[in-house]
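> Quick one, structure for this:
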Amino acid sequence: MNIPKFQEQKFNIPELKGISKKNIEEHLKLYTGYVNNANSNVEKMSELSEGMFRNGEDNGYIIAELFRRFSFEYNGMRNHEIYFSSLSGGAKALNLESALAKKIALDCMSVEIFLMGFKNIALTRGVGWAVLWYDKKDDRLLASWVDEQHLGQLNGCEMILALDMWEHAYVYDYPTSEKKKYIEAFFENLNWEAIESNFVKATS
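Model (predicted):
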């Protein structure tokens with residue numbers, strides 16, 4: 001059975017301030033795992049579904065569990081692609097004359113207020129993601145917390161910025177009691193041109 005596979009992306013991440021090479025290397029291994037698991041799930045779902053169709057095999061429960069798990073693996077893959085892309089190419093400041101900066105100022109009162117609120121979201125207890133979305137239907141930016149990889153995604157919205165707040169994102173550099181330092185390091189290394197590109201694509 002020839003099933004198209006999700007392709008693992010490669011990222012050009014330079015030496016970062018406050019986030020070690022070791023942490024990035026280990027984190028990228030987890031991303032590879034999400035890609036492999038998403039592909040494995042699709043393959044197994046297809047095989048079991050074909051068996052049910054051709055041979056009447058009773059695979060319904062297993063297939064349902066694979067579909068349930070697939071959203072976790074798939075979103076883990078895509079979330080990390082946004083995350084690692086935003087650290088690729090070196091740190092670049094937000095251009096205050098860019099379309100994204102102007103939209104942030106319009107929807108969030110100012111860039112400074114947005115950053116303060118977003119960093120507070122990132123401090124939510126538990127494992128998950130702080131995410132900035134673009135809602136094309138209402139032409140507005142929205143920020144939210146996503147539990148794990150997949151619980152709390154905003155339907156119909158495009159992910160613009162994603163900050164991984166699972167412990168694996170900073171465990172080699174900071175204890176959980178100091179994750180605020182990791183948040184600051186993330187923004188210090190952020191390539192805002194990549195975030196602007198995500199926004200332009202979402203609005204086009």
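> Domain map for the protein?
Residue ranges for the domains of the chain, per automatic domain parsing: 21-73, 99-203.
> I'd like to know which of the ones you listed lies nearest to residue 79.
Evaluated with C-beta to C-beta, the domains of the chain place domain 99-203 nearest to residue 79, the distance being 5.4 Å. For glycine as for every other residue, the C-beta is placed from the backbone atoms N, C-alpha and C.
> Need the distance between the two termini of that closest one.
Across domain 99-203, the terminal residues are separated by 10 Å (C-alpha to C-alpha, to the nearest Å).
> check contacts around the nearest residue to residue 80 once chain neighbours are set aside.
Nearest residue to residue 80 in three dimensions, chain neighbours excluded: residue 31, at 4.2 Å (C-beta to C-beta, 6 or more residues apart in numbering). Each residue near residue 31 by C-beta atoms under 8 Å, 6 or more residues apart in numbering is listed here: 8, 76, 77, 80, 81, 84.
> pretty sure the third one is touching residue 36, no?
No - taking C-beta atoms under 8 Å as the contact criterion, residue 77 and residue 36 are not neighbours in contact, 9.3 Å apart.
> about what we covered before: can you tell me how far the residue nearest to residue 80 sits from residue 148?
To residue 148, residue 31 is 15 Å away according to C-beta to C-beta, to the nearest Å.
> Checking residue 143 next. Helix, strand or coil?
Classification of residue 143 using DSSP: H, G, I helix; E, B strand; the rest coil returns strand.
> how about the nearest residue to the residue nearest in space to the middle of the chain, chain neighbours excluded?
Geometric centre of the chain, nearest residue: residue 79, 1.9 Å, by C-alpha atoms, centre = their mean. Leaving out its chain neighbours, the residue that sits closest to residue 79 by C-beta to C-beta, 6+ apart is residue 162, at 5.4 Å.
> Could you say which helix or strand holds that neighbour?
strand 157-164 (DSSP states H and E).
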